[in-house]
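1. For reference, the sequence and a predicted model appear below.
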Amino acid sequence: MIKKKKHKKHPQVARPRLTGSLVFFSIAGLLTLILLIVRAMASRNPAISDFFVDYIFKPLATIWTWPVSLIPFSLTELFVVAGIPALIALLIYGIVRLIRNSAHRGRRAVRTIVVVAGTALLMLSLFIVFHGMNYARSPLADSLGLDIRERSVDELDDAARMLARAAVEVREGLPEDEDGVLSMGSLNHIQNTAFEGWEEASVVWPSLQSSVRAKPKGVLLSHYWSYTNIVGLYMPLLVETNINIDQPDFMIPATAAHEIAHSRGFAREGDGDFASLLSCFHHPDPVWQYSGLISAWKSVGNRLWAEDRDRWNLAYVEELSPAVIRDLNAESAYWKAFETEIAVVSEKINDAYLKANQEEDGVKSYGAVVDLLLAWIETPNATILQAAAHTD
């Protein structure tokens, strides 16, 4: 006897709900819109950004960076190395599921797109809060009372020589490796002393005061990172400062100080660079002082080179000591190995990013620190150069 086969009904798949994802997208979109409007207003009135930095950015960044700094490794590096491949894998998995399961396919696709878009908007909001708004703040020169004006080649030459003499003086007696190049010591020491210079500099320059303490973190894959010619990176979404620790030791403190400057609200490259140099100049550790001085010398020297190469060559030969020249030669040899197309592309991306954030000169904006340095040299607070100014 053959029994009649019963038709088995497939369980009905519940219709995906869009309410939650749409609410999330709406909140993220509204927050982003408000921040973009405020940023547009701040670009016309820096006082808005100044208020934002003091009363919104600093308190939020102080809280945000505390748990991040407790983690000993770079979360930014972890995301790049593991997070991006994971996101790609999730994307492929989602597409496969969407193709294989036809139930409510369109609605599921819409929900996914809405969630992804909302997440992107939320990340944009975090960027604006922790970095983007800071591009519109008042110039650092204004709060420090520095006189920014056109400078002559003679002034450039004098500044380059003063910085060189100070760097030579501080360089004497510092630890070296077997090649006679400055040896920094452990990264832990750099991390533990990173804010000492900021505290000292803030006494002289109150505008540098901040409660944000983003611990500088060494990137484990720094050697491969060097192919991009990037020595440091501030990740606004995490308020995290990342340092290339494969570069020559003598530049690591200045790099750390520069990224810390970004985390403390100095977004523009010229202002961030100058604020970081002041922290190095006022640091009690001569290694930090030397790193800041040689970084400042390179910036001023590059401007002098562009104006008068003969005077740059003369200042180089007459002022730099063999020890300093060894350091600079080691740095040149290091970066020569990374002159690839990757570095060219990286610079173009950085240039586009800076221009998108109201730095019209793009990567050339890094040279703005020279104007600030030349104005600072004229102040009585340039104590680290006072002895050098009277050295024959």
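-> Happy to help now that I have it.

2. Now the residue nearest the centre of the chain. Nearest residue, chain neighbours left out?
-> Compute the mean C-alpha point of the chain, and by CA atoms, centre = their mean the closest residue is Tyr234, 3.5 Å away. With sequence-adjacent residues excluded and distances taken as CB to CB, 6 or more residues apart in numbering, Tyr234 is closest to His262, at 3.8 Å. Every residue, glycine included, has its C-beta placed from N, CA and C.

3. name the helices or strands packed onto the helix or strand the residue nearest to the centre of the chain falls within?
-> When elements are assigned from DSSP states H and E, Tyr234 belongs to strand 232-235. Applying 3 or more CB pairs under 8 Å, 6 or more residues apart in numbering; DSSP states H and E, we find strand 232-235 packed against helix 75-78, strand 240-243, helix 252-263.

4. Figure out how far it is from the centre of its chain.
-> 4 Å (CA atoms, centre = their mean, to the nearest Å).

5. any residues touching that strand, and which ones?
-> Strand 232-235 is contacted by residues 75-76, 131, 214, 240-244, 255-256, 258-259, 262-263 when judged by CB atoms under 8 Å, 6 or more residues apart in numbering.

6. could you dump the helix or strand hosting Ser291 to CSV, C-alpha only?
-> Take DSSP H and E as the rule and Ser291 turns out to sit in helix 286-307. Extracted as CSV, the C-alpha positions of helix 286-307 are listed here (Å, rounded to 0.1, in the frame of the first residue of the first chain):
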residue,chain,number,x,y,z
PRO,A,286,68.7,66.1,25.6
VAL,A,287,67.7,63.3,23.2
TRP,A,288,64.3,65.0,22.8
GLN,A,289,65.9,68.4,22.5
TYR,A,290,68.3,67.2,19.8
SER,A,291,65.5,65.5,17.9
GLY,A,292,63.5,68.8,17.9
LEU,A,293,66.5,70.9,17.0
ILE,A,294,67.6,68.8,14.1
SER,A,295,64.0,68.6,12.8
ALA,A,296,63.8,72.4,13.0
TRP,A,297,67.1,72.8,11.3
LYS,A,298,66.0,70.5,8.4
SER,A,299,62.8,72.6,7.9
VAL,A,300,64.7,76.0,7.9
GLY,A,301,67.5,74.4,5.9
ASN,A,302,65.1,73.3,3.2
ARG,A,303,63.8,76.8,2.9
LEU,A,304,67.3,78.2,2.7
TRP,A,305,68.2,75.6,0.1
ALA,A,306,65.3,76.7,-2.0
GLU,A,307,66.4,80.4,-1.7
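
7. how many degrees apart are that helix and helix 252-263 in direction?
-> Orientation check (axes from the mean of the first three to the mean of the last three CA atoms, to 10 degrees): helix 286-307 against helix 252-263 gives 80 degrees.

8. For helix 286-307, buried residues please.
-> For helix 286-307, the neighbour count (16 or more other CB atoms under 10 Å) marks 287-301, 303-305 as buried.

9. Which elements pack onto it?
-> With 3+ CB pairs under 8 Å, 6+ apart as the test, helix 286-307 has helix 153-171, helix 252-263, helix 269-281, helix 309-319, helix 322-336, helix 369-377 packed against it.

10. can you redo those helices as a markdown table with mean neighbour count, mean pLDDT and distance to Ser186?
-> Output for those, formatted as a markdown table (neighbours: other CB atoms under 10 Å; pLDDT from 0 to 100; distance: least, CB to CB, whole Å):
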| stretch | mean neighbour count | mean pLDDT | distance to Ser186 |
| --- | --- | --- | --- |
| helix 153-171 | 22 | 95 | 20 |
| helix 252-263 | 27 | 97 | 11 |
| helix 269-281 | 27 | 96 | 18 |
| helix 309-319 | 15 | 94 | 31 |
| helix 322-336 | 16 | 95 | 19 |
| helix 369-377 | 22 | 93 | 28 |
